[in-house]
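J.: build me a structure from this.
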Amino acid sequence: MILDHFPDNTIKLGSVSYLYFGGTAYLGMATHSGFKENLVIALKKWGTFYGSSRNSNVKLGIFNRFEDYFARFIGADKVLSVSSGTLAGKLVVDYFGDRNYRFFHFPKTHPAIVAPKSTPVVVAGKLDKELLSDKAEKIVITADAIESGMVNPTNFDILKNINPKKQITLLLDESHAIGVLGKNGSGIFSSLDLQNVNNIVVASSLSKAFSLSGGIIGGSCEFIDTLKEQSTFTSSSPANATYLEAFLQSGNFYREQRKKLFKNLTYIKNNLDNKSVTFNKNYPVLYFDDDAIFDKLADADIIISRFKYPTYKKTMNRIVITANHTRKDLNKLLNVLNL
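T.: The predicted structure is shown next:
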């Protein structure tokens, strides 16, 4: 399906209109009139794009302002903005890979933060034996804040069983959590209390809930300062200054949209009566395995997200609720799901 317009809560193909419950624009900011006005103002200030290296002698002040704000927002010592979430993940993975850290990953971790020779944390339902060994080594464990196909934050209790001789860095992908989960949408990073984890690094896209072009890395001041000197960062174009400026000027809009989103999620919770659909009132995605539900939705002119990651065995059916869905939209969805 190829569109010539942005898919908000509706999609139009020819003369037919469909309800759309897909994508990742959880807060509905991509079509928000106030945000778009701020984007135009920022565009006049910063232009369409400034592609010079962040280490150039001429620097834009917006990057430091955004990064200082975002560090406070997510509870990190320091934040670095980059042009995409994938680049954020690559920078961190390459950094630790060049220093011979050993990598392990949680199930369904996003490919952007899975190192080439990474080993699953869990093998045959048990913690990998290498994590229990007495060998003293530096390791990186990569995980999504919310695993794909899940509706609750990842449980990290299993990490308590890792041999204390391991020096553990947790690399956390917050792409689908930031903007939605945590206090004011700040994600789960600041709420993690992992006694035997020495270091936590956040890598995240900004394109999901925030509808921004770019990504961020959050961590200690020393770590972020070292990343700034890496060749991949110095040779890369930065995030788009116009989007970062518009974000900083749109705090009230983001807060209003998040309230609308959670009002919609509460309505779904109170009215969904289909036990085969996985849902959590604090997260705007519903999952199901029954392809008959997908067919019923299609027959009712409702389009959802349906795709398969290269590393997954099954196709994923994903119903996405956004702040822009109306009560009428939700009722039509519920009428089909509750049949």
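J.: residue 207 and residue 158, how far apart?
T.: Separation of residue 207 from residue 158 (C-beta to C-beta, to the nearest Å) stands at 30 Å. Backbone N, C-alpha and C define where each C-beta goes, glycine included.
J.: which one of these two has more residues nearby?
T.: Each of residue 207 and residue 158 has its neighbours counted (other C-beta atoms under 10 Å); residue 207 has more, 18 against 14.
J.: who's in contact with the more buried one?
T.: Taking C-beta atoms under 8 Å, 6 or more residues apart in numbering, we find residue 207 in contact with 24, 84, 85, 175, 213, 214, 215.
J.: show me the protein divided up by domain.
T.: Following automatic domain parsing, one gets these domains for the chain: 10-33+251-337, 50-239.
J.: for residue 84, what are its contacts?
T.: So residue 84 contacts 205, 207, 213, 214, 215 (C-beta under 8 Å, 6+ apart).
J.: so the fourth one touches residue 239, yeah?
T.: What it means is residue 214. Yes: with contact defined as C-beta atoms under 8 Å, residue 214 counts as touching residue 239 (3.4 Å).
J.: which residues do those two both contact?
T.: 81, 82, 83, 206.
J.: pLDDT wise, what is the first one at?
T.: This means residue 81. What the model reports for residue 81 is a pLDDT of 98.
J.: pretty sure it contacts residue 213?
T.: No: look at residue 81 against residue 213 with C-beta under 8 Å: they stay out of range, at 10.6 Å.
J.: low-confidence stretches in the stretch 201-339 of the chain?
T.: Judged by pLDDT under 70, the stretch 201-339 of the chain has its weakly predicted residues at 308-313.
J.: do a quick rundown of the strands in it.
T.: With strands called from DSSP state E, counting those that start in this stretch, the stretch 201-339 of the chain shows them at 215-219, 278-280, 283-288, 302-307, 316-320.
J.: quick one: closest of those to residue 116.
T.: Nearest of the strands of the stretch 201-339 of the chain to residue 116, taken as C-beta to C-beta: strand 215-219 at 19.9 Å.
J.: who does that closest one touch, helix- and strand-wise?
T.: helix 61-74, strand 78-82, helix 85-98, strand 199-205, helix 221-227 (3 or more C-beta pairs under 8 Å, 6 or more residues apart in numbering; DSSP states H and E).
J.: so how far is residue 158 from the residue lying farthest from the centre of the chain?
T.: Relative to the mean C-alpha coordinate of the chain, counting by C-alpha atoms, centre = their mean, the farthest residue is residue 134 (34.7 Å). Noted for residue 134: a distance of 19 Å to residue 158, by C-beta to C-beta.
J.: in a helix, the residue farthest from the centre of the chain, correct?
T.: No: using DSSP: H, G, I helix; E, B strand; the rest coil, the assignment for residue 134 is coil, not a helix.
J.: kindly format the C-alpha coordinates of the top helix by length along the chain as PDB.
T.: Counting by DSSP state H, the longest helix found in the chain is helix 251-271. C-alpha atoms of helix 251-271 as PDB (Å, rounded to 0.1, in the frame of the first residue of the first chain):
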ATOM      1  CA  GLY A 251       6.200  21.100  25.500                       C
ATOM      2  CA  ASN A 252       2.600  22.000  26.200                       C
ATOM      3  CA  PHE A 253       1.500  20.300  23.000                       C
ATOM      4  CA  TYR A 254       3.300  17.100  23.900                       C
ATOM      5  CA  ARG A 255       1.800  17.000  27.400                       C
ATOM      6  CA  GLU A 256      -1.700  17.600  26.000                       C
ATOM      7  CA  GLN A 257      -1.400  14.900  23.400                       C
ATOM      8  CA  ARG A 258      -0.100  12.400  26.000                       C
ATOM      9  CA  LYS A 259      -3.200  13.100  28.200                       C
ATOM     10  CA  LYS A 260      -5.400  12.400  25.200                       C
ATOM     11  CA  LEU A 261      -3.500   9.200  24.400                       C
ATOM     12  CA  PHE A 262      -4.000   7.800  27.900                       C
ATOM     13  CA  LYS A 263      -7.700   8.800  27.900                       C
ATOM     14  CA  ASN A 264      -8.000   6.700  24.800                       C
ATOM     15  CA  LEU A 265      -6.200   3.800  26.400                       C
ATOM     16  CA  THR A 266      -8.400   3.900  29.400                       C
ATOM     17  CA  TYR A 267     -11.400   3.800  27.200                       C
ATOM     18  CA  ILE A 268     -10.000   0.700  25.400                       C
ATOM     19  CA  LYS A 269      -9.300  -1.000  28.800                       C
ATOM     20  CA  ASN A 270     -12.900  -0.400  30.000                       C
ATOM     21  CA  ASN A 271     -14.500  -1.700  26.800                       C
END
